[in-house]
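Participant: Just need the structure, nothing else, for what follows:
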Amino acid sequence: AGTNSINDITPVLNKETGKNAYHSVEISNPTADDKQTDKLRDDVVRTVDDGRAVVANIAGTSTDTDGNTHSYEGGHYISVIGYRDGGHEVKIADSADPATASYWVSVDHLADWVATRGYSAN
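Facilitator: Model prediction:
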């Protein structure tokens, strides 16, 4: 059950926005390398600056900048809605827990969180 591939989400984003603006990026390794992390950072900055959100397909556990853990072993989707420090930290909108509906994570943590899955960006 669920939507395991970001490639199932990207066409829907393009259809709903009426543009062919989104593309899928897959990180197939268990962890992201520096080049993949840099690309994610660039994609977040460009997409957010364009007034859109990055949609990330995540799996596993990550820790936010306040030290709170967020765990989705079976997978989950989140939106990346902002950034600071030149994109080195990104703001996450997460529907799973209304008490922490948004939080900040390092882009390095986000890259590893989407590893084995992927994300949709401009």
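
Participant: buried sites along the longest helix seen in the chain?
Facilitator: Residue-count comparison of every helix in the chain, with assignments taken from DSSP state H, identifies helix 34-49 as the longest. Buried residues in helix 34-49, counted by 16 or more other C-beta atoms under 10 Å: Gln36, Thr37, Lys39, Leu40, Arg41, Asp43, Val44, Val45, Thr47, Val48. For every residue, glycine as well, the C-beta is placed using N, CA and C.

Participant: Could you provide these in CSV, with additional columns for distance to Ser24 and pLDDT?
Facilitator: Shown next, in CSV, are those (distance: C-beta to C-beta, whole Å; pLDDT from 0 to 100):
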residue, distance to Ser24, pLDDT
Gln36, 14, 98
Thr37, 17, 98
Lys39, 13, 98
Leu40, 13, 99
Arg41, 17, 99
Asp43, 11, 98
Val44, 15, 99
Val45, 18, 99
Thr47, 13, 97
Val48, 18, 98
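
Participant: returning to that earlier point: figure out how far the longest helix of the chain is from the centre of its chain.
Facilitator: Centroid separation for helix 34-49 versus its chain: 10 Å, with C-alpha atoms, centre = their mean, to the nearest Å.

Participant: ok, residues contacting that helix?
Facilitator: Taking contacts as C-beta atoms under 8 Å, 6 or more residues apart in numbering, the residues outside helix 34-49 that touch it are 25, 27, 29, 32, 53-54, 80-83, 86-88, 90, 107-108, 110-111, 114-115, 119, 121-122.

Participant: quick one: Asn20 is in a strand?
Facilitator: No: counting by DSSP: H, G, I helix; E, B strand; the rest coil, Asn20 falls outside a strand, being coil.

Participant: Hmm, it is touching Asn14, no?
Facilitator: Yes: at 5.1 Å, Asn20 and Asn14 qualify as touching, with contact defined as C-beta atoms under 8 Å.

Participant: ok, the two, which is more surrounded?
Facilitator: Neighbours were counted for Asn20 and for Asn14 using other C-beta atoms under 10 Å; Asn14 has more, 15 against 11.
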